[in-house]
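# got a predicted model here, sequence first, then my questions.
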Amino acid sequence: MCNSSSSSSFCCPAPCSTPNFFGNNPTLMAIKRCLPIRTECVTTGSDPEVIFQAPTGTPDPSLASGFLSIINTSSVANDCLMTLTVTDDTNSGAPTSYTIDAQSSLVLELTNVTLIEIVCTSDTPPTPAVFCTATVEMDLQYTAGL
């Protein structure tokens, strides 16, 4: 069971229904993940931080769907830009990017998600380095045993 008071807990997988859990029948599973993000503001083109990635070769009916919520807790004083990139079936499987301003939030409904990444960028990163901070909450479901 997940500890709901933890701000950085990872609870996966948790059966949503358990008919024949270890048998051959497909089972609905849940991924509930809450985590903090703290990533350095870097130049454009740097590698993003992976928040979620489906295992390679996962069949489409087994890909996770659900909700993703991000609260950008970064200071409005720096010039860093937080960009979230999601690859799922919402836009025919093409990656979609979202800009999340400091002190704002974003909630997305995801369908058959394969990848979620976040990057904090600036054309001229400050010296000393600054960081983007956020709270991420995922409530996803997938079908196991297909």
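Yep, it's here.

# can you pull the contacts of the residue lying closest to L108 once chain neighbours are set aside?
The shortest distance from L108 to any non-neighbouring residue, by CB to CB, 6 or more residues apart in numbering, is to L68 (4.8 Å). For the C-beta atoms, the positions are set from N, CA and C on the backbone; glycine is no exception. L68 sits next to V86, V107, L108, L110, I116, V136, E137, M138, L140 when contact means CB atoms under 8 Å, 6 or more residues apart in numbering.

# of those, keep whichever come out buried.
When the contacts of L68 are checked for burial by 16 or more other CB atoms under 10 Å, the buried set is V86, L108, L110, I116, V136, M138, L140.

# check the gap between the first one and T127 for me.
From V86 across to T127, the span is 31 Å (CB to CB, to the nearest Å).

# what's the answer for the last one, then?
Note on L140: its distance to T127, by CB to CB, is 38 Å.

# and if you look at the third one?
Noted for L110: a distance of 37 Å to T127, by CB to CB.
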